[in-house]
Each structure stands twice: as C-alpha cells, then as structure tokens.
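A.B. asks: coordinates only, sequence not included:
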C-alpha cells in the first residue's frame, strides 16, 4: 500500500491543477445535487423492534382514534398560585380563564379531552370516571381512587394543570407559530400574577444547532497549526483539506435525505468528528512532507509523505471507520445513521488529505512554509542569534546522546543536507525531554497513570442513562419548571406514566383467576364479555401491587370492548434509576397476567419507549466493546508484529474510556462543583458512541507515535547506534517519540479544541458529547499514548517487539510505516550515487 500511496502523492503533486480542479468541481457538483435533492431533516429519532414500539403499534391498531401514544404532540400547561394564595381564589381563577380562552380562540388543537380550566374540568372528569366504572361493576371505593389519581388540581389547590395535543402528527412536526401562541398565553397568565409553565413532548425545545462551534474549533486549530509549523501558509492547508472533506460529507448527507429520513443531529456529529480527524490527518502528512523535503525534491517528498505518513493515515482512518460502522450492532435506527454518517465523513477526509495536500504543496512549491513567524516552531529570532546557537549546541548534545552524529541532524530542520550522511535530527524539544524523563522512572509513570485513571473510572459504576426529557432539561427552561411543578403538586411519576394494553380477544373465559370477578358481574353480558372486562380489572389490580407503582387504572376501552388501556403511574420520575426497576417489574407482572388470563399484554408510552432504548443500548455495550477492543488487538498485532504492544494499547484504551466516562458522570450526572446547571442521567447512546469514536482516535495516536518507534527499530535491526548509552529498544522509543511527539500533541490539542467548542451547543446531550470526547482524547493522548506506552516499553525491554517466529510467519505482512518503500528508495539513491 505504501508504494501505491507514494505514486498517488507524487502524481497529485505533479498534477496539482487536475487534482484541485477535480475536488472543486466535485464539491460544486455535490452541492448542486444537495440543493436539488435534499429534503427537510426530521427532529425524530427512528426506532424499531423494541417491545414498547411493538406495543405502540398494537395500540394504534386497537385504538386508531387515539393515534400514537408514544409520539403524541401533547402539552402540559401548569399553573401555580402566588405564595399564600390558592388557584381557586377569584382573581387567580379568572387569570386561568384568560389563558384558556386565548388558547381556544387562537390555536387549533387535537385531543382536548382534559383541556380547560382545571378547577372546572377536573371535578367533572373525576365524577365521570366514578359514574362510568361503578356502572361497569367496579366498587365505588376503587372508582374514587381512580378518579383522584386523575385529578388535575393539587390537594392544597396551589398547583393545577391542563393538557391538550397540538394538531400535528408528532412532537417534531409542531409549527413554531403554534408554540408561540402557547407562549403568549403563558405570558397572559404571568402578567396576571400566576406562574405558568409548559412542558410535554409537543412543547419541547426545537433542536437548534449553533454554527459557532465549527468556527471556534477551526480558529483554535489554526493557532495550534501556526505553533506547530511556524508558518501561516502551512497552517492553512490542513484546514482547507478538512473543510473540503467535511463539506463533501455533509452535502452527501443532505443528498441522502431524498431517500432516507435523517435526524438533524446526524450531520452535527459527522461534522464534529470529520473536522477533527480531517485536520489531524492532513497535519500528519504535511509534517512528514516537511521532514522529507530536507533531502528530496518536491514530488518525491510528497510521494514519500503519502507513502509513509499516508499509510498510517489510511490505517487510522480505517479503524475509525470500522468503529463507527460497527454501531449497527446496537440495532437502533438513529444511532446507526449517526455512525454511518460519521464513518463516511471520515473516509472522505482520508481521501482528501492523501490527494489535496500533495496538490496544494505542488501549487505552493517553495512557498508552502512561507509566512514564517520568528521564534515559533523552531524559527530563529532575528535579534537573538546567540540563542539560536545555544539551541544548536543543545541539539548536537542530544543527537550525540542518541547515537546520531551532528551530520545526521539536518532532516527535521528543513535545511539542505548531505544525503550520504545521517537522516535524523534530535532537537531539544519538550517531547524529547519528557520521554527521557519517563525512561528514568518508568515504574512511577506507569503507576501514576494506571492509578489516577483507574480512580477516575470508579464513578462509572454509578452511571445512569436515559433519553432527553422535561425532567433533564436545564432548570431555567419552562419545560423543566413545568415538570418540577407537577412533581411538587402531585408526584414525580405524573411526568411519565406507563400505558399497558390488554388485548382480550382470545381471553380464556374459564381462567380461575377471573372467576371471582366474573361472578360479581350481572347476567346482562356473555361469559366472554364478562371475562374480558374481568381481565381488565384483574390486570389493573395486579399492577397496583407492583413495587414502585403508585396507581394503576383503566383509562379507555376499545369500541368493541375487546381491548383496554391501563395507565400505570410510577412513584418516581421517568429519569429516576428506580423507574427502570419498576419497568422491569411491570414486564414480569404482565407475563404472569398473560399466563393467568390468556390475554395479550404490552407496555408502551414515552417512558417505556425510552427505557427500552436504554436497555437495548446497555445490552449492546459489551458486544460492541468486545468488537472494538478485539479489532484493536488484531490490527495492532498485524501492524507492529508484537504480542505486548497491542495488549498495552488495548488496556490503555479501556483506561482512557473508563476515565472519560467517570469524569463525565462526575460533572454531568453528579454535578461536580456545580459546573453544569442541570446534572442528571446521561444520554443513553452516549457511552456506545463515545467508545466507538474514542477507539478510533486512540488507534490514531497509537499508530502515529509507535510507528515512528517501530520504524527506527526496523532501520537499526534493533541495535543501538555506535556509542549510544541506550539499548536498541530504548533508543528506538526515544527517537520515535521525539519525532512524533510534536505532531501528536498538536493533533490532540486540535481535536480537543474542536470537541470543546461543541460544548457551546444549546442542547445538553451535544454538550455532553463534546465534553466526553474532549476528555477522552486528553486522557488517551497525554496519559496513555505519551506516558503509559513509552513507560511500558522501557520496562518490557526486548520483549516489547517480541513475536513467536511461527506466528510471525503465518501473519500477513502489513507495512504501514512504509519501511519497504524507504529501503527501496535508499537502494535507488545509492545506485544513482554509485
């Protein structure tokens, strides 16, 4: 592959205008196609195949007039009286009427069964429930208990609520103008002295995306690139490459909307990841070009950069692609779409970096590193030549320590060199000082990394997962205030009841469990009808006794009487960890009821759907983790021909992921130091997505850093340089680390800055993604790859690159360092010189 990429890079350099024009035309063509074919993205999250979704579909078949219970555009309008007053006071009652009247006059609604002034509607509904169910044979005491549970006014009459549905197919298709009408109505009540808040699925915040995140990320990346290359021109090239790649990926997503419905969060995550890796991949190739340009002409330097660093880019990009593509194992529609979109964007970023960067270098020629800034990235300060001389002396000293003569020091400097001399220059960089410090105390470094990251991983054991809801919104939003008022005036579970569907078409009329209830009924109905009604009452009574359930009651019958809806109200809120246990207990109870009665039961509702998704993601997590870790070990076996290096890399990956999870739990779930306004459960799909992205990025840094070590080890056949105070393994570790540390550091800082910029987004779960990805890259790059990996190499010594001969023979060759390419080049150069 290295030889092929060499030809690609060289050809791109020589045919610069063809490559640049081709990418420009492709970008324009894809942009035009996107404009012509794109359809609006949805705010919905596509889900299928969960028990709650199947129960939802059954509900829509049995109760077609009610629509989709898990996708209703419902609104809860909550009123609270001023301190020391009641809502039933005349002024407050009149204020509620003003709000209700405004909505009736200006808004087209869907379901309005429980809409109106709650002080008037609630007593009527409660009495209706009592009358209806006593006529059905339910004891009056039980009927009154059901009615009280449906009360819309708190016992002290300080909090009340009313509900209605927007006239829309789903919460995500509600017009903003309709939401504005509700907001205007709320302001009317507020002006009259009431606290009025609105929540519910239909009144959720519109999923908005700030474009400032990309701008901030690119801006910070540009500054880092300036300090990396010391050149304004070269700092701009990786940004151009990344923007082209991300632009093509994003436009491709817009084209895909013509055939596939995509959530509008999908491109946000694709841009976040594509921008970060696109800049990094271009950075690696450009950095290698600068190194090769010291001894080669432009076309050959571009080809060698593409063949060596480009091979690593392809491998790293492939691991990111596979990790993101593997998200399909979760079998969650919207998560699969996010993974595939991000994977495609990464693939495009790799291709763009391999071709456009050499083409831009061919276009700029000797001006590729123009615009040098004095004193930055090794550039000399014009007025302080004595410091430059001191710097050169330090460079010579370190080169001698490394067993590399002073004549070997020209390659990294970007100055001409005699090719008959050595090839590497060891500069007194921070990276070189750090790796030599690690060599002095590898055990201490290893212990510090393992213990510190291990301690940070501990909070993972307390991690709670859920999907976004009113109860997890920021405290200053009306949605969160509405949910808090409902919890205060009634009980937390009122924000997310379950809905159990009883299909009694095939009821067992002879079931012993139903006989007492059937005997209590009159003889006006058939045994089958008696059994059906008895099954509903039996189910409601059985579900009431489930731990954590506050109440269960029949809330609707189908037109033919063969099915019923039972609302189950948990004591706890939808995002409370205890509610997960309640849901599990309810499922077990419905299975027992099915066995006892012969009826078919299913549980749905928004809370049930969310819990099902969370449960499925938790089940998929171990499988996915096994796939990505197993893949990492296998690929690194092939790349580095070592048993221990891949194992250290994989264990380090687990440490970096665990610590990132732990810190995210501390900050976003447990509210460490009050850093976030609304700590609460983490978004359900964050862990599995974070694992995929972190795995890919961890392999990036592992490959780019360790390949330089392996490259030196291979060139020297594992032997130290003449006069070197180090062993062959230690020398290759120090030399490779010194060569790759600056670039890897810059790449990590760029990636962290891009992810941190997304904390600026308004949606909490995008903020959490940005934070979690940023800390995972920080831990993996600086704690694992640049500390733990060299420390373990120093400790393992010769065992670092050990591989059984029989295993080495059967493993296919995979040269991503470009070693064979470099040897072939050196042989040609020697032949040409001879």
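C.D. replies: Cool, the structure landed. Since the structure is predicted, the reported quantities are computational estimates derived from the model, not experimental observations.
A.B. asks: just checking, next helix/strand downstream of the biggest helix by length in the chain?
C.D. replies: Counting by DSSP state H, the longest helix found in the chain is helix 606-640. As assigned by DSSP states H and E, the chain's next helix or strand after helix 606-640 is helix 644-664.
A.B. asks: list the buried ones in that following helix?
C.D. replies: 644-646, 648-664 (16 or more other CB atoms under 10 Å). (Glycine included, C-beta is placed from N, CA and C.)
A.B. asks: run a quick neighbour tally on residue 798.
C.D. replies: 10 (other CB atoms under 10 Å).
A.B. asks: contact partners for the nearest residue to it once chain neighbours are set aside?
C.D. replies: What sits nearest to residue 798 in space, not counting adjacent residues and going by CB to CB, 6 or more residues apart in numbering, is residue 729, at 6.0 Å. Applying CB atoms under 8 Å, 6 or more residues apart in numbering to residue 729 gives the contacts 713, 718, 793, 794, 796, 797, 798, 800, 801.
A.B. asks: which secondary structure state does residue 601 sit in?
C.D. replies: strand (DSSP: H, G, I helix; E, B strand; the rest coil).
A.B. asks: any idea how far residue 315 is from the residue lying closest to it once chain neighbours are set aside?
C.D. replies: Distance criterion CB to CB, 6+ apart; nearest residue to residue 601, sequence neighbours excluded, is residue 590 at 4.1 Å. For residue 590, the distance to residue 315 equals 50 Å [CB to CB, to the nearest Å].
A.B. asks: again with residue 520
C.D. replies: From residue 520 to residue 315 the distance is 73 Å (CB to CB).
A.B. asks: next, the angle from the helix or strand containing residue 443 to helix 644-664.
C.D. replies: Here residue 443 sits within helix 442-457, counting by DSSP H and E. Angle, helix 442-457 to helix 644-664, by axes from the mean of the first three to the mean of the last three CA atoms, to 10 degrees: 40 degrees.
A.B. asks: hmm, who's touching whatever helix or strand comes next after helix 442-457?
C.D. replies: Remark: after helix 442-457, the chain's next helix or strand is strand 465-466, criterion DSSP H and E. Contacts with strand 465-466, where a contact means CB under 8 Å, 6+ apart, come from 472, 574-575, 610, 614, 617-618, 680-684, 686-687.
A.B. asks: out of those, grab the one that's most surrounded.
C.D. replies: residue 574 (28 neighbours).
A.B. asks: A strand includes that one, no?
C.D. replies: No: Residue 574 is assigned coil when assessed by three-state DSSP, not a strand.
A.B. asks: my read: it touches residue 498, true?
C.D. replies: No: counting by CB atoms under 8 Å, residue 574 stays clear of residue 498, with 9.7 Å between them.
A.B. asks: how about residue 72, nearest residue that isn't a chain neighbour?
C.D. replies: residue 165 (5.5 Å).
A.B. asks: what about that neighbour, which SS state?
C.D. replies: From three-state DSSP, the assignment for residue 165 is strand.
A.B. asks: beta-bridge partners for it, please?
C.D. replies: residue 74 (DSSP bridges).
A.B. asks: so who does it touch?
C.D. replies: 72, 73, 74, 75, 109, 110, 111, 112, 202.
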